[in-house]
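*Asks:* requesting a structural model of the entry that follows:
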Amino acid sequence: WGEHKAKLLIDDSKAYNLCCTPFVGGHTDELASWECLAISTDGHPLKALAITLLFIIPHATDVE
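*Replies:* As a prediction, the model looks like this:
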């Protein structure tokens, strides 16, 4: 990623942490929740990162 996407990732991370739009709601299936999120991965690199991480370690967000 270049500097522009890195800045977008920082902005996304802050918005996600504060539960701000577009990172509100969710499902018990985190992968499905991220995949259904109506934002582009180009404009919101946190979505791409989250989906990639959930493919690597899908059990990390299982609801117990």
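
*Asks:* drop to CA atoms for contacts and neighbour counts, all remaining ones
*Replies:* Will do.

*Asks:* what residues of stretch 17-30 count as buried?
*Replies:* Buried residues in stretch 17-30, counted by 16 or more other CA atoms under 10 Å: F23, E30.

*Asks:* quick one: pLDDT of the residue most central in space within the chain?
*Replies:* Centroid-nearest residue in the chain: K47, 3.3 Å away (criterion: CA atoms, centre = their mean). With respect to pLDDT, K47 has a value of 95.

*Asks:* kindly report the same for D12.
*Replies:* So, for D12, pLDDT stands at 96.

*Asks:* doesn't A48 make contact with it?
*Replies:* No: if you go by CA atoms under 8 Å, D12 and A48 don't touch, sitting 11.2 Å apart.

*Asks:* which one of the two is surrounded by more residues?
*Replies:* Counted by other CA atoms under 10 Å, D12 and A48 do not tie: D12 has more neighbours, with 21 against 16.

*Asks:* max-length helix in the protein?
*Replies:* The single longest helix within the chain, with elements called by DSSP state H, is helix 3-17.

*Asks:* re the thing from before, now the residue nearest to the centre of the chain, nearest residue through space, not along the chain?
*Replies:* Counting by CA to CA, 6 or more residues apart in numbering, K47 lies nearest to T41, which is 5.7 Å off, once chain neighbours are set aside.

*Asks:* now do P45
*Replies:* In space, and not counting its chain neighbours, P45 is closest to L9: 5.5 Å by CA to CA, 6+ apart.

*Asks:* tell me the contacts of that neighbour?
*Replies:* Contact analysis of L9 by CA atoms under 8 Å, 6 or more residues apart in numbering lists H44, P45, L46.

*Asks:* pLDDT weak spots in this protein?
*Replies:* 58-64 (pLDDT under 70).
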